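> Have a look at this prediction, sequence included:
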Number of protein chains: 2
Amino acid sequence: MLRLIGFDGDDTLWHSEGYYRDASARFVEIIGRYVDVSDTHVQAGMLATERRNLKLFGYGAKGMTLSMVETAIAITEGRISAADIHHLVEAGKTVLQHPVELLPGVRDAVAKVAEHHEVVLITKGDLFHQEKKVAQSGLADLFHRIEIVSEKDIATYRRVLAEFSLEPAQFAMVGNSLRSDIEPVIRMGGWGVHMPYHVTWEHEMENGLGDADAPRMLTVEAPDGIPAAIAQLVERSAM
Amino acid sequence: MLRLIGFDGDDTLWHSEGYYRDASARFVEIIGRYVDVSDTHVQAGMLATERRNLKLFGYGAKGMTLSMVETAIAITEGRISAADIHHLVEAGKTVLQHPVELLPGVRDAVAKVAEHHEVVLITKGDLFHQEKKVAQSGLADLFHRIEIVSEKDIATYRRVLAEFSLEPAQFAMVGNSLRSDIEPVIRMGGWGVHMPYHVTWEHEMENGLGDADAPRMLTVEAPDGIPAAIAQLVERSAM
């Protein structure tokens, strides 16, 4: 029987990826003054450096900004001006300072789920930035606990479940990332509500989910579909 | 009566500040190729930018690196080369990758304190970097809980104490920073063991502690003095 429902933050409760996309577009625009590459090419180079740097920097806007600076210097073979590097840093700062805008209906959806279950916010990324977003979201009071984590893998979810003294089968995660929110939870024996976001970072799209996993997950289009999806998983989990 | 003992991480359990100092020295060396400023001047400018950026970036090596890049571009009025900016990023990466070296005797000290008290590691900074340092330190098994926080203020310590259902008078913090480890804990009614580190970031030296606070804190020179200091605070707290 479902007891605990986890909610992802970025692109599940509030908009995020669009700001990263804007910074990437600015990166491409600036680099485009120095090198004649197709956007796809630059984006691929950016993603490659970013993934390499993920191991060192972790997720978040600061790591992304440092990655942009490094990639720009490498791609332009050092020809980029200090002024343009400063523009890249400014683009990164914009991501850190963007206003927190909730997805429509998200407060009601979390509140309804919280009537019947314990709810926990499990969000990944930079501690300082995520704390600021949680505070600005005005949603903190709805959650029994807020977990800011560096990676969303089975080990992380196990640690959260241990803090609540629950089994995986008693836990469902709601989020936009199949890789981070849905797959690890289903792999360990939990449940998932996938709410795709209109833009998703390539990194978060990778997953090994298949037909056999379908009974343990549901897909909703918008926050107002979440409470009914959870109710449906409660029925399934009670069978 | 003392129940819970908190330990700071950077410069209390393992060396840290020296790596930041090395990166700062590298910054001064690189900037020195462009501008004729006394080291004091550059360091002051660096500290000013860093403090301004602390509000946006939070603590840690990634924020420091972004600060160095910004400051270098500003101080040189955009004359710094992309290659030298890359050297600054590399200096920042060195901080993120430095080996974790424990202070001598620290494992024994924590283990002895843990024989009589619950012990918690409360460390401030970048989530990803701190997790890596905790893992590499080999000390994680000694602690009942590990808290990586974005700021060490009274609100943070209250939250940690609430998780243990303890009062401030039952808590002592061991650390090298009067500002972050000792003052807030004493202000809320707890106890402190100050272990000065041979180099300390200016930011961490600011504090408003005075003679009236002396009865609630002890100073030790090295980790092997910690268990006796805790024992002494236990006596005081029982009076």
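Structure received. Small disclaimer: the values here were computed from a predicted structure and weren't measured.

> what bridges to the spatially most central residue of chain A?
Residue closest to the mean C-alpha point of chain A, counted by C-alpha atoms, centre = their mean, is A:Asp10 at 4.6 Å. Judged by DSSP bridges, the bridge partners of A:Asp10 are A:Trp14.

> who's in contact with it?
Going by C-beta atoms under 8 Å, 6 or more residues apart in numbering or on different chains, A:Asp10 touches A:Ser16, A:Glu17, A:Thr123, A:Lys124, A:Gly125, A:Lys133, A:Asn176. Yep, even glycine has a C-beta here, placed from its N, CA and C like the rest.

> mind checking how far it is from chain B?
Distance, A:Asp10 to chain B, by C-beta to the nearest C-beta, to the nearest Å: 15 Å.

> Quick check, pLDDT for that residue.
According to the prediction, A:Asp10 has pLDDT 96.

> can you give me the helices for chain A?
For chain A, the helices defined by DSSP state H cover A:17-31, A:39-57, A:61-75, A:82-97, A:106-116, A:127-137, A:154-163, A:183-187, A:202-205, A:226-238.

> Single out the most deeply packed of these.
Greatest average neighbour count among these goes to helix A:61-75 (a mean of 24), per mean count of other C-beta atoms under 10 Å in any protein chain shown.

> packing partners for that one?
Contact partners of helix A:61-75 among helices and strands, from 3 or more C-beta pairs under 8 Å, 6 or more residues apart in numbering or on different chains; DSSP states H and E: helix A:17-31, helix A:39-57, helix A:82-97, helix B:61-75, helix B:82-97.

> re the thing from before, specify which member of the contacts of A:Asp10 is nearest to chain B.
Among those, A:Gly125 lies closest to chain B (C-beta to the nearest C-beta), at 8.2 Å.

> Neighbours of the closest one, how many?
A:Gly125: 22 surrounding residues under other C-beta atoms under 10 Å in any protein chain shown.

> That one touches A:Gly60, doesn't it?
Yes - using C-beta atoms under 8 Å, A:Gly125 makes contact with A:Gly60 at a distance of 4.3 Å.

> A:Lys62 against A:Leu127, yeah?
No - here A:Lys62 does not reach A:Leu127: they are 10.7 Å apart, not a contact under C-beta under 8 Å.

> so what does the lowest-mean-pLDDT helix or strand in chain A touch, helix or strand wise?
None of the helices or strands of chain A scores lower by mean pLDDT, DSSP states H and E than helix A:202-205, at a mean of 76. Here helix A:202-205 touches helix A:39-57, going by 3+ C-beta pairs under 8 Å, 6+ apart.

> could you give the angle of the helix it packs on to helix B:82-97?
Between helix A:39-57 and helix B:82-97, the angle comes out at 40 degrees (axes from the mean of the first three to the mean of the last three C-alpha atoms, to 10 degrees).

> hmm, helix A:39-57 in reach of chain B?
Yes - for helix A:39-57 and chain B, the contact criterion (C-beta under 8 Å from any C-beta of the partner chain) is met by A:Leu56, A:Phe57.

> Same check on stretch A:111-121?
No - using C-beta under 8 Å from any C-beta, stretch A:111-121 never reaches chain B; the gap is at least 14.3 Å.

> Please work out the average pLDDT along that stretch.
pLDDT averaged over stretch A:111-121 gives 97.

> ok, now stretch A:30-40?
Summarised as a single mean, pLDDT over stretch A:30-40 is 83.

> what's next to that stretch, contact-wise?
Under the criterion C-beta under 8 Å, 6+ apart, residues A:Val28, A:Val42, A:Gly45, A:Ala72, A:Ile75, A:Thr76, A:Arg79, A:Ile80, A:Asp84, A:His87, A:Leu88 lie in contact with stretch A:30-40.

> which among those residues gets closest to chain B?
Among the contacts of stretch A:30-40, and counting by C-beta to the nearest C-beta, the member closest to chain B is A:Ile80, at 5.0 Å.

> Would you mind naming what in chain A lies close to chain B?
A:56-59, A:62-63, A:65-66, A:69-70, A:72-73, A:76, A:78-83, A:85-86, A:89, A:92-93, A:96-97, A:126-129, A:131, A:148-150.

> Can you give me the distance of the residue nearest to A:Gln97 when sequence neighbours are not counted to A:Met173?
Nearest residue to A:Gln97, sequence neighbours excluded (C-beta to C-beta, 6 or more residues apart in numbering or on different chains): B:Leu56, at 6.9 Å. The spacing between B:Leu56 and A:Met173, counted by C-beta to C-beta, to the nearest Å, is 30 Å.

> now A:His87
The gap separating A:His87 from A:Met173 is 38 Å, by C-beta to C-beta.

> so what's A:Thr71 up against?
Residues near A:Thr71 by C-beta under 8 Å, 6+ apart: A:Phe27, A:Gly45, A:Met46, A:Thr49, A:Glu50.

> Cheers, nothing more for now.
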